[in-house]
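Colleague: got a predicted structure plus its sequence, pasted below:
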Amino acid sequence: MKKLILLGLIIIYQINLLYSQIEIECDEFSQVIDSNHILVKKGNNYGIIDINGKLLIDYTIKDPIISENILLTIKSNASGLSELIDLSTLKPIWSGNVTQYHPFTNGYAHIYDFRDSDMSTSSFFIDKQGRKIFDLPKNTNNIKYGETFSFSNEVVRIPINNSKTNEEYFIYLDNSGNKIMEKSFSIAKDFYYDLAKTCVKKYDKFHWGFIDKKGNVIIDYLYTKEPTSFSDSIARVENTNGLFGFINLKGNIVLEPQYVFATGFYKGFALVKKDYTGEFLLINKKGEIIKTYNSFKHFNRSDRTEQSILFIKELVDNGILNTGTSYAKFIDYDGKVLFNEKGLTVDEFKNGLAKFSRFNLKTGKTVYGILNKKGETILIKKDNQF
């Protein structure tokens, strides 16, 4: 009797779940923006819906770029002007001509318009209120516009080509446009925790170290393999044997090189591995093991971020980790394999939501939609029989 009652409850739950799914008329779910906004596509245009399926911005968006809840779009109208829209208010904060756009990072974005002959007035930074905060310096020539200009630690790095020597140097500006440093390096990166990693050539080899915002060398050029930028006040370093360890802001070793794999630290944790055939370990800053993961042996994804915290950030913030492997693509914080249903494909989670596709072997049809961390379907694409 209890089994029948339980079976009945399961059936009722599945029926309620089926009818609670909201059907959306669109060609595809393009992007999960945050916990309440989804980018959808119909034809060649895009729109924005909320988690309840309400159309917030009609299908008038062209070539959308979204960062920090700000949408850049070319409106489908005669003007052809680009607009920046704040998705929290759904109101434009800026409009104008855009040839090149570096999206918002830490509250600032860069806009460049090649059509203006005066480069000093056509290359500028704006804040999230749409206010121009400064133009690039008038005497700044040979800027490498192919690189991303992003603010970090209230500082932006501008790479410059020296046409006379064919060397590269870097200008660092604060958020008022004041030049705080101009210096030549083989490679220079953004500031994190008031330190930027830079690379110089010594004895025909490249060496990495860290400088402060005045250009002073704080951590000497000891590293022949590129370290990460600082995250959680710690940077990952690699020795000549290919083993990873960690240093603090003074360059002192806090965890000796001993790992064949290691992420950066995030909110006090890092993912590491001590040997290639062994288990992944969640450790704290003392190197103590917090969790052991047996359900997967490698990542079938790469992390090219400066701090190397993509994987650990997913695990800590979302409680879900995408390994990219076919046998255990997603695991939860405790290592349990999730979404292992046959025919189900799930994309990366963002703010607890992810795009999915589910192929039905019996009908030969594929359902597309949005699900949450529990595997519950929230939105599905409306089936068009034609």
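Modeller: Alright, I've got the coordinates. Bear in mind the structure is a predicted one, so any value in this text is a computation, not a measurement. Residues are numbered from 1 along each chain as shown.
Colleague: what stretches of the stretch 1-150 of the chain score poorly on pLDDT?
Modeller: 1-20, 75-80, 114-121, 138-142, 144-147 (pLDDT under 70).
Colleague: who are the contact partners of residue 169?
Modeller: Applying CB atoms under 8 Å, 6 or more residues apart in numbering, we find residue 169 in contact with 159, 160, 162, 182, 183, 184, 185. The way it works is simple: take the backbone N, C-alpha and C, and place the C-beta from them, glycine included.
Colleague: mind giving me the ChimeraX select for the residues you listed, buried ones only?
Modeller: In ChimeraX, this line selects whichever of the contacts of residue 169 come out buried by 16 or more other CB atoms under 10 Å:
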select :159,160,185
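Colleague: output the contacts of residue 169 in CSV, with secondary structure and pLDDT appended to each entry.
Modeller: Shown next, in CSV, are the contacts of residue 169 (DSSP: H, G, I helix; E, B strand; the rest coil; pLDDT from 0 to 100):
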residue, secondary structure, pLDDT
159, strand, 88
160, strand, 85
162, strand, 70
182, strand, 91
183, strand, 91
184, strand, 90
185, coil, 91
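Colleague: now, which of the contacts of residue 169 sits nearest residue 338?
Modeller: residue 159 (41.7 Å; CB to CB).
Colleague: what about the stretch 151-300 of the chain, any weak spots by pLDDT?
Modeller: In the stretch 151-300 of the chain (pLDDT under 70), the answer is 163-167.
Colleague: which residues in the stretch 1-150 of the chain form helices?
Modeller: 2-20, 119-122 (DSSP state H, counting those that start in this stretch).
Colleague: just want the most central residue of this protein.
Modeller: The residue lying closest to the centre of the chain (CA atoms, centre = their mean) is residue 310, at 7.3 Å.
Colleague: could I get the contacting residues of that one?
Modeller: 263, 303.
Colleague: now swap in the one 3 residues further on and tell me
Modeller: Under the criterion of CB under 8 Å, 6+ apart, the contact partners of residue 313 comprise residue 266.
Colleague: tell me the secondary structure of it, please.
Modeller: Following DSSP: H, G, I helix; E, B strand; the rest coil, the label given to residue 313 is helix.
Colleague: any idea how far the nearest residue to residue 22 once chain neighbours are set aside lies from residue 297?
Modeller: Take residue 22 and drop its neighbours on the chain: the residue closest to it by CB to CB, 6 or more residues apart in numbering is residue 53, 4.0 Å away. Noted for residue 53: a distance of 40 Å to residue 297, by CB to CB, to the nearest Å.
Colleague: now the closest residue in space to residue 158 that isn't next to it in sequence: which helix or strand?
Modeller: Distances taken as CB to CB, 6+ apart place residue 171 nearest to residue 158, at 4.5 Å, with adjacent residues excluded. Per DSSP states H and E: residue 171 is located in strand 167-174.
Colleague: list the buried ones in that strand?
Modeller: In strand 167-174, counting by 16+ other CB under 10 Å, buried: 168, 169, 170, 171, 172, 173, 174.
Colleague: can you list the strands that it pairs with?
Modeller: Its sheet considered, strand 167-174 pairs with strand 155-162 (antiparallel), strand 179-184 (antiparallel) by DSSP bridges.
Colleague: tell me what the top strand by length along the chain is packed against?
Modeller: If you go by DSSP state E, the chain has its longest strand at strand 55-67. In terms of contacts (3 or more CB pairs under 8 Å, 6 or more residues apart in numbering; DSSP states H and E), strand 55-67 is packed against strand 37-42, strand 45-50, strand 70-75, strand 100-105.
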